[in-house]
Each structure stands twice: as structure tokens, then as C-alpha cells.
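> Predicted model and sequence follow; I will ask about them next.
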Amino acid sequence: MKFLVVLSVALAIAEGTNVARCIHHAGALPASTRIEGCNNPPCVLPQLRDAVIHMTFRAPRNMQSMRTLATAYVGSVPVPYDLGNNANTCNHLTNTRCPVNSGTNVQYTLRMYIDRWFPVGTSVTVEFRIVDQSNNPVVCIRVPITISRPNRMIAGESELPLAIEATEY
């Protein structure tokens, strides 16, 4: 019984998100990618929450520093998205720190806040890529996303439609 519990937990952790190789940017696919709440894209990302992306990859060379860049594609039009402080990849490594030696297994978590100004219903494809200090590609993933209304259940509120919530008894 204990073995089955451990196996179930390991499989749940190992389950990843189906992402594609980038088309517009260079970089290998990570060994694994998991976007919280999404196994099969398009990933539905609610406003006012962090989209959380976990990646595991092997460092292709010695790297002093790394940056994460995001570009959304509205049709064929590229729209760079500023990740702010989250662009410094080294600050979000979970098992090591920079500088990273060639061959190191690197675990990284990106948090990207989905602000209210992202229109609900917007569907785009985003390429997330990591580059080193010389702008050489490290890894790159491509994933379609759709922006949804804030997930109020997470905020501790009812998931009922507003019309039902407003009904008095």
C-alpha cells in the first residue's frame, strides 16, 4: 500500500504539460515542463493569478547568468512581454544557483502574473525562452494560452455566477 501511495505521488509530480518546440526562437525543449493547472494546451490562465511554469533542463554549457524572455504571438504579430524581475532566471532556480556548470540538471520556476488588462477570452501562443549572458539559447517552449476571468474559488469566494450569488432567500 505504501508503495502505491509513493508511486501515485511520483506520477503526479512527473506529469508534465504538452508543450511544443519554439518556431520563432532557437532553443531545445526542456527535459520536462509543467504548467500548473494545465496538462494539455491551450492552457487557461485566470486573470489576477500567477501562471506558474516549472522547467527542468540540462545546462548545455557553463553559464554565468540567464534571462527568461516571453513573446506572445497574436496571429503572426510578435508582442514581447516584459517579465520584470522574473526575467532574471538565476533568481528562480530551485536546486542550484548561478553560475551553472555545463551538464548540471537545472530546475527552474517562472511565475508570470496575469494582470486584469489581459482581455478575457484572448487566445495567443507564447514562446518562453531562456538565454545565457551572451544571448545564446538555452531552452525554449511554445504553448497556446487563453485568458479567463479570475478564478474566484481560489480567492475563497463562491464559484456560482453573480446572478445566483445575488439571490436573497
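Arrived safely, thanks for sending.

> in this structure, which spans are helices?
Secondary structure of the chain (DSSP state H): helices located at 2-14, 162-165.

> which stretch in those helices is the model least sure about?
Looking at the helices of the chain, the lowest mean pLDDT belongs to helix 162-165 (a mean of 37).

> Roughly how far does the nearest residue to P137 once chain neighbours are set aside sit from R149?
Nearest in space to P137, with sequence neighbours left out and distances taken as Cβ to Cβ, 6 or more residues apart in numbering, is G27 at 3.7 Å. Every residue, glycine included, has its C-beta placed from N, CA and C. When distance is defined by Cβ to Cβ, to the nearest Å, G27 is 32 Å away from R149.

> What residues does the closest residue to T68 other than its chain neighbours make contact with?
Of all residues not flanking T68 in the chain, T89 sits nearest, at 4.9 Å (Cβ to Cβ, 6+ apart). Applying Cβ atoms under 8 Å, 6 or more residues apart in numbering to T89 gives the contacts S65, M66, R67, T68, C98, Y108, I130.

> Identify the residues contacting the closest residue to I35 other than its chain neighbours.
The shortest distance from I35 to any non-neighbouring residue, by Cβ to Cβ, 6+ apart, is to T17 (4.3 Å). Contacts of T17 were listed using Cβ under 8 Å, 6+ apart, and they are T33, R34, I35, C38, N39, N40, P41, C43, V143.

> Quick check, pLDDT for T17.
At T17, pLDDT is 94.

> what about the closest residue to H54 other than its chain neighbours, how many neighbours?
Leaving aside its sequence neighbours, H54 sits nearest to R34 (Cβ to Cβ, 6+ apart; 4.5 Å). The number of residues packed around R34, counting by other Cβ atoms under 10 Å, is 20.
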